[in-house]
Each structure stands twice: as structure tokens, then as C-alpha cells.
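In: my questions are about this predicted structure, shown below with the sequence.
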Amino acid sequence: AQSVTQLDSQVPVFEEAPVELRCNYSSSVSVYLFWYVQYPNQGLQLLLKYLSGSTLVESINGFEAEFNKSQTSFHLRKPSVHISDTAEYFCAVTGGSQGNLIFGKGTKLSVKP
Amino acid sequence: DGGITQSPKYLFRKEGQNVTLSCEQNLNHDAMYWYRQDPGQGLRLIYYSQIVNDFQKGDIAEGYSVSREKKESFPLTVTSAQKNPTAFYLCASSMGPRKTEAFFGQGTRLTVV
């Protein structure tokens, strides 16, 4: 069965520092990959997705993720974070038995001034 | 605007009481999902529906029931058989199984009092 591992449950960083949130998935077959962001007491919002083509995908607010098939990874990066980036981030992959997405357990990003 | 609407945002349940969480979408999506979110555990699939009048159990369906009488609506009932119902519940929809991303509602926080 497909699985997703987010290696860090919490990541504290200072404002304007770079950050990397790590995500590994289990399957070597073709998959679609996603990063979602969740602010407190809200639903999940799609941040970016990899379906095919270029292995580097970008969001409108400066995040990027790179699909690495050989390492089965899809790490999320931002070169300079803001206080407003404080949220929980979820990595997800297609492949659930019901056609659903499989989610990692989430990484809480805390940006400090 | 198209989207998914969950109501209520907060819900309180007494011991032994059934409660129903509403989920409506106007995205014309075929597939709808219910997830449960607990701190540090990510999202776990409760029920899934691919088409009207059809639904399947997810990983943690015990103590829950659903219906799909209309394409737009997928209500979730938390029954008295669910022994630990306090959680954040998220409804999602997608164009179909394995078809790109899921879109989420804003969630319902259920608390047992």
C-alpha cells in the first residue's frame, strides 16, 4: 500500500531564513504528488502539485517542490519565510485503495520574528 | 464561487447522541470524501463516494454512516457507537478517483460534552 512519510513533525525557523519540509513516499510507480497547507481551524488548501513534466513545481507565494523519482521524494522549500507562512503542511500522493489521496502526518512550520 | 461548504463549523455532542455533519459542493465533482483529523495523526479516511447512491468504507468507518442521495451532498452522521468522536472533520471532493487533487471544505470541529 502507498504511504507518505513526513520526516519532521515540527520545524521552527526565524523569519527570512530558508526552510525545507521533507516528504518521502513509498511507491515507485507513477504517482501524482501534492503539498497542502492548513491554517488553524481551517480546511486544507492546495499549495502546489506535480502531475508530469518539469520536476520542479512552484506556488504563487514562493514555495517550490522538486519531484525526485529515484529517491521517491517531494521536498518543499522556500528560500525566505515570512511570519504568515506559519501553518501545518501536508504532503499527499495518489494511490489510496478508494482512489483517495494518501496524506502524511503533517509538519508544523513555526516562523519566529 | 465554486467550492465546498461544511456546516456547522463547531458542533457539540452529548454522550449517546447522534449528530450529522453537512457537506455540500457546487464543483460538479463525482467523488466525495470524509476525513477525520486528530493532532499528529494526519488525515484518516472515513468514507468515500464515487457516484450518487454509492459509497464505500474507508480506514476508520466504525461508528459513522453516510448517504449520497444527491451529487452535491454527502452528509456524515457520527453515531453513538463512535466512542471517541472528538476531532476535526474534513469533507473533500475531486473530479473522480485518481484524478488529480482534492478540494477541501473548512471543516467541522466536533466536541463531546
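Out: Structure's in. What do you need?

In: nearest residue to the middle of chain B?
Out: Residue closest to the mean C-alpha point of chain B, counted by CA atoms, centre = their mean, is B:W34 at 3.0 Å.

In: got a list of what the residue nearest to that residue when sequence neighbours are not counted touches?
Out: Distances taken as CB to CB, 6 or more residues apart in numbering or on different chains put B:I46 closest to B:W34, at 4.3 Å, once the chain neighbours are dropped. For glycine as for every other residue, the C-beta is placed from the backbone atoms N, C-alpha and C. For B:I46, the contact set (CB atoms under 8 Å, 6 or more residues apart in numbering or on different chains) comprises B:34-36, B:58-61, B:64, B:66, B:76, B:89.

In: buried members of those residues into ChimeraX, please.
Out: One line in ChimeraX is enough to select the buried ones among the contacts of B:I46; burial here means 16 or more other CB atoms under 10 Å in any protein chain shown:
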select /B:34,35,36,58,61,64,66,76,89
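
In: nearest to A:L47, of the contacts of B:I46?
Out: The closest of the contacts of B:I46 to A:L47 turns out to be B:Y35 (CB to CB; 17.4 Å).

In: shouldn't the closest one be in contact with B:Q41?
Out: No: counting by CB atoms under 8 Å, B:Q41 is not a contact partner of B:Y35; they are 10.8 Å apart.

In: shared neighbours of those two, which are they?
Out: Going by CB under 8 Å, 6+ apart, no residue sits against B:Y35 while also sitting against B:Q41.

In: save the contacts of B:I46 as TSV, and put in secondary structure and pLDDT too.
Out: Converted to TSV, those look like this (DSSP: H, G, I helix; E, B strand; the rest coil; pLDDT from 0 to 100):
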residue	secondary structure	pLDDT
B:W34	strand	97
B:Y35	strand	96
B:R36	strand	96
B:G58	coil	91
B:D59	coil	90
B:I60	coil	94
B:A61	coil	96
B:Y64	strand	97
B:V66	strand	98
B:L76	strand	98
B:Y89	strand	97
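
In: over to B:F103: give its phi and psi.
Out: In terms of degrees, to the nearest 10, the main-chain angles of B:F103 are phi -110, psi 140.

In: other SSEs contacting the strand or helix carrying A:L46?
Out: Assigning secondary structure by DSSP states H and E places A:L46 in strand A:44-50. With contacts defined as 3 or more CB pairs under 8 Å, 6 or more residues apart in numbering or on different chains; DSSP states H and E, the secondary structure elements packing on strand A:44-50 are strand A:33-38, strand A:56-58, strand A:64-68, strand A:73-78, strand B:103-104.

In: switch to 6 Å and redo it
Out: Contact partners of strand A:44-50 among helices and strands, from 3 or more CB pairs under 6 Å, 6 or more residues apart in numbering or on different chains; DSSP states H and E: strand A:33-38.

In: brilliant, that's me finished.
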